[in-house]
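Undergrad: Predicted structure and sequence below. I'll ask about it afterward.
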Amino acid sequence: MIDAVFAGGVRPLPPEGHPSGIVKEAVAGPAMLGPEGLEGDAQADRRVHGGPDKALHHYPAEHYAVFAAIYPDSASRFVPGSIGENVSTTGWTEENVCVGDVFRIGEARVQVTQPRSPCWKINHRYGLEDALQLVAERGITGWYYRVLEAGRIAAGDAFELLERNADAVTLRRLWQVTRSHRPAAEELSRLAWTPGLSEGWAEKLRGRLEWLRQNG
């Protein structure tokens, strides 16, 4: 089940006031989800957020307990919606969600495309110097969807896995291999051509594969 849906516009992010869409608020009632994203939602830098392959951001609610345990003085800040996600659930994490998975959310049908690459705005959002590093090291990144079938979504909607690749790759494994110092070329190749993977992520993996082959 979808626990909550969040959306928000672009606003200044303290302390420097850089424009950001990371601040979201819970949506009351259904919101339309289309190929470019959720109704009422916006991104400040669409080079790295938003667009067809990153139309919806999902973040597991259970990850906030990891933050709270490591930063107890800031525990009250770690609540669903605070890291900029659009969709919050429990029970689904990078351990059991795979690249290319197709889910039904309310009226919409979506496909998992890639992990969210954490950026410096996470540090600023929480007023911490190393929250970004924690996300990257633990692989608690959340993930993005492309929209295969538009429709309205809302808190309380069923969240149902419809399809999964035969040779499925978890988001956890993709993140681990991507961060490896020298991953095996065979696994990089497998990941780079995983059905459903975003083109941007696939290009990055193929570029690294080519480098390994030339410098092996």
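TA: Nice, I can see it.
Undergrad: Report the contact partners of Pro35.
TA: For Pro35, the contacting residues are 52, 55, 146-147, 150, by CB atoms under 8 Å, 6 or more residues apart in numbering. Bear in mind the C-beta positions are built from the backbone N, C-alpha and C, glycine included.
Undergrad: same check, this time on Tyr144
TA: Tyr144 neighbours (CB under 8 Å, 6+ apart): 53-58, 112-116, 198.
Undergrad: what do you get for Val23?
TA: 8, 11, 13, 84, 125.
Undergrad: which SS state does it fall under?
TA: Applying DSSP: H, G, I helix; E, B strand; the rest coil to Val23 yields a three-state assignment of coil.
Undergrad: What does the residue sitting nearest the centre point of the chain show for phi and psi?
TA: Of all residues in the chain, the one closest to the mean position by CA atoms, centre = their mean is Trp143, 2.2 Å from it. The phi and psi values for Trp143, taken as degrees, to the nearest 10, are phi -150, psi 170.
Undergrad: Numbering from 7 from now on, please.
TA: With 7 as the first residue, the last one maps to Trp149.
Undergrad: What ranges does this structure have for its helices?
TA: 69-76, 127-132, 137-144, 177-185, 191-198, 205-220 (DSSP state H).
Undergrad: So which of these is nearest Glu101?
TA: helix 177-185 (5.2 Å; CB to CB).
Undergrad: where do the strands sit along the chain?
TA: 10-13, 17-19, 24-26, 31-32, 37-40, 43-44, 62-66, 93-95, 108-111, 114-121, 149-155, 157-159, 165-169 (DSSP state E).
Undergrad: can you tell me which residues contact the closest residue to Arg188 other than its chain neighbours?
TA: Nearest residue to Arg188 in three dimensions, chain neighbours excluded: Leu218, at 7.3 Å (CB to CB, 6 or more residues apart in numbering). The contact partners of Leu218, taken as CB under 8 Å, 6+ apart, are 188-189, 191, 194.
Undergrad: I'd like to know which of the residues you listed is nearest to Leu168.
TA: Nearest member of the contacts of Leu218 to Leu168, counting by CB to CB, is Leu194, at 28.0 Å.
Undergrad: How many neighbouring residues does that closest one have?
TA: 21 (other CB atoms under 10 Å).
Undergrad: before we move on, what about Trp181?
TA: Neighbour tally, Trp181, other CB under 10 Å: 20.
Undergrad: pretty sure it is touching Gly148, no?
TA: No. With contact defined as CB atoms under 8 Å, Trp181 and Gly148 do not form a contacting pair (10.9 Å).
Undergrad: hang on, the earlier thing: closest to Leu44 out of the contacts of Val29?
TA: Closest to Leu44, out of all of the contacts of Val29 and judged by CB to CB, is Gly14, at 9.8 Å.
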